[in-house]
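In: Quick one: sequence and predicted model below, then my questions.
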Amino acid sequence: MYTYTINGTTYIQKPLVLGQIGQLTRLLQGISFTSLEPLSIIAALGESLPQLVAVVVRREGELLADRDLNAMQR
C-alpha cells in the first residue's frame, strides 16, 4: 500500500482489483507508448492522466464503490 498527501487530502493506492483493471484497460485503448521514460508516458497519456490516477487511488477511508471519479479528476 502507498500513501500520498495531495493538497491536504490523503490518498491510498492498493493492489488493483478486477474492476479497476477493466477501467484502466478501457482508458488505455488506443494509446501508444514510444518510450517508458516517465515524461514520455505522461505525454502519451495526455488528458487521460487525471482519470487514470482517479481509478488507481482513493481517499483514505473511502470504499472503491463510493468513489466519485469525476470529482477526483478536477
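Out: Great, that's in hand. Numbers count the residues shown, from 1 in each chain.

In: Now do the helices in this protein.
Out: Ranges of helices within the chain are 18-28, 38-45, 49-56, 69-72, based on DSSP state H.

In: what's the angle from the third one to helix 18-28?
Out: With axes from the mean of the first three to the mean of the last three CA atoms, to 10 degrees as the criterion, the two stretches helix 49-56 and helix 18-28 enclose an angle of 170 degrees.

In: In this protein, which residue sits furthest out from the middle?
Out: Summary for the chain: using CA atoms, centre = their mean, the residue whose C-alpha lies farthest from the chain's mean C-alpha position is Thr34, with a distance of 20.4 Å.

In: Pretty sure it sits against Ile41.
Out: No - contact criterion CB atoms under 8 Å: Thr34 and Ile41 do not qualify, at 9.7 Å. Any C-beta I mention is one placed from the backbone N, CA and C, and that applies to glycine too.

In: residue contacts, the residue lying closest to Gly19 once chain neighbours are set aside?
Out: Nearest residue to Gly19 in three dimensions, chain neighbours excluded: Leu64, at 7.1 Å (CB to CB, 6 or more residues apart in numbering). Contact analysis of Leu64 by CB atoms under 8 Å, 6 or more residues apart in numbering lists 17, 19-20, 58.
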